[in-house]
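1. test case, fold it:
(one chain, ligands or ions: 1)
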Amino acid sequence: MIEVQNAAKSYGRLHALKEISWKVEPGEFWGVIGPNGSGKSTLLSLISGIEAPDHGEISLSGQPIASYNRKALSRKLAVLQQDGLPPVSFTVREVIEMGRFPFLDWRGREKDGHAEKLMQSIMDRLELGDLADRQLSSLSGGQRQRAALGKVMAQQPEVVLLDEPTTYLDIRYQQQFMELVAGWQREEGLTVISVMHDLNLASLYCDRLLVLNAGSLVAMGAPSEILNSDTMESVFDVKSHIVAHPDTGVPQLLLQKDAKNGWSEAGD
Ligand SMILES: Nc1ncnc2c1ncn2[C@@H]1O[C@H](COP(=O)(O)OP(=O)(O)OP(=O)(O)O)[C@@H](O)[C@H]1O
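-> Okay, the predicted model is just below:
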């Protein structure tokens, strides 16, 4: 589905990404993890075609990303940022309809006769019915992010790129958001690549994790292969305990308090 071959990107003298090679198969759910500034968003911007690599190749369904025109790319791939929609005066319904842009003909008319049904099913699924006529500027961050997901769903892409999509959400909305994406992915066989800062969420929802550190790809594999105390220390510089999730067995991270900061159990 997506192939990244020796892709590198620098900003001035800073090597944001150094020779990354990576293959994503259709229907996989990948989490991209790594410390601040490790190149996660840069990798996503190369895959989405927003930026071009300095060298190397990125292809989607066997064709270079750069060879797609905007509409053709939008039918294949959608991007959702951490703050997916600004608080503007468009209503939720209008914004979700904007997701249909790649499917409009030259007169701005919908080519797909089932679009109305699709809109309704998205509204129902995301429980946006009551918010449909509200302006984005009157919604909470969590509600706006649900509307942003609706817009991306209306786009009916094959690949979704999510850049820290749950950053501003409270714990309930984080879970709800990831469940909605996971349900959509299972039903449609969607390919998902999500930059994640919350490693426990990443472990719960992603099939595979790609780890970046200082612009280099340092590990990839199932969460059970990746999330261990050694990686946490070498990549993230934190001391942790890894425990198995009682329901699913996937690794979950517990931070250790840092004794270097002068704290000790005995309080001395
Ligand atoms: N447009 C740009 N111009 C200059 N430097 C940039 C630009 N975009 C990113 N960088 C730099 O490239 C490096 C990687 O940035 P990137 O945003 O990809 O990291 P990240 O892993 O997504 O970080 P975070 O977790 O903090 O969001 C950083 O040092 C960043 O400052």
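
2. what's near enough to touch the nearest residue to residue 15 once chain neighbours are set aside?
-> Closest residue to residue 15 apart from its sequence neighbours, by C-beta to C-beta, 6 or more residues apart in numbering: residue 215 at 5.1 Å. Placement of C-beta: from N, CA and C, glycine included. The contact partners of residue 215, taken as C-beta atoms under 8 Å, 6 or more residues apart in numbering, are 15-18, 38-39, 42.

3. show only the entries of those residues found in helices.
-> The helices, defined by DSSP state H, take in residue 42 from the contacts of residue 215.

4. give me the subset of the contacts of residue 215 touching the ligand.
-> Residues of these in contact with the ligand (C-beta under 6 Å from any ligand atom): 16, 38-39, 42.

5. out of those residues, list just those in strands.
-> residue 16 (DSSP state E).

6. name the member of the ones next to the ligand among the contacts of residue 215 with the most neighbours.
-> The most crowded member of these, judged by other C-beta atoms under 10 Å, is residue 39 (25 neighbours).

7. confidence score at it?
-> Looking at residue 39, its pLDDT is 97.

8. adding distance to residue 73, write the ones next to the ligand among the contacts of residue 215 out as a markdown table.
-> Output for those, formatted as a markdown table (distance: C-beta to C-beta, whole Å):
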| residue | distance to residue 73 |
| --- | --- |
| 16 | 22 |
| 38 | 26 |
| 39 | 22 |
| 42 | 18 |
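
9. C-alpha coordinates for stretch 137-151, CSV please?
-> Output of stretch 137-151 as CSV, limited to C-alpha atoms (Å, rounded to 0.1, in the frame of the first residue of the first chain):
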residue,chain,number,x,y,z
SER,A,137,-16.6,27.7,17.1
SER,A,138,-19.3,26.7,19.6
LEU,A,139,-18.0,23.2,20.1
SER,A,140,-15.6,21.8,22.6
GLY,A,141,-12.3,20.5,21.4
GLY,A,142,-13.4,16.9,21.7
GLN,A,143,-16.6,17.6,19.7
ARG,A,144,-14.6,19.4,17.1
GLN,A,145,-12.2,16.4,16.8
ARG,A,146,-15.2,14.1,16.2
ALA,A,147,-16.4,16.4,13.5
ALA,A,148,-12.9,16.3,12.0
LEU,A,149,-13.1,12.5,12.0
GLY,A,150,-16.5,12.8,10.3
LYS,A,151,-15.0,14.9,7.5
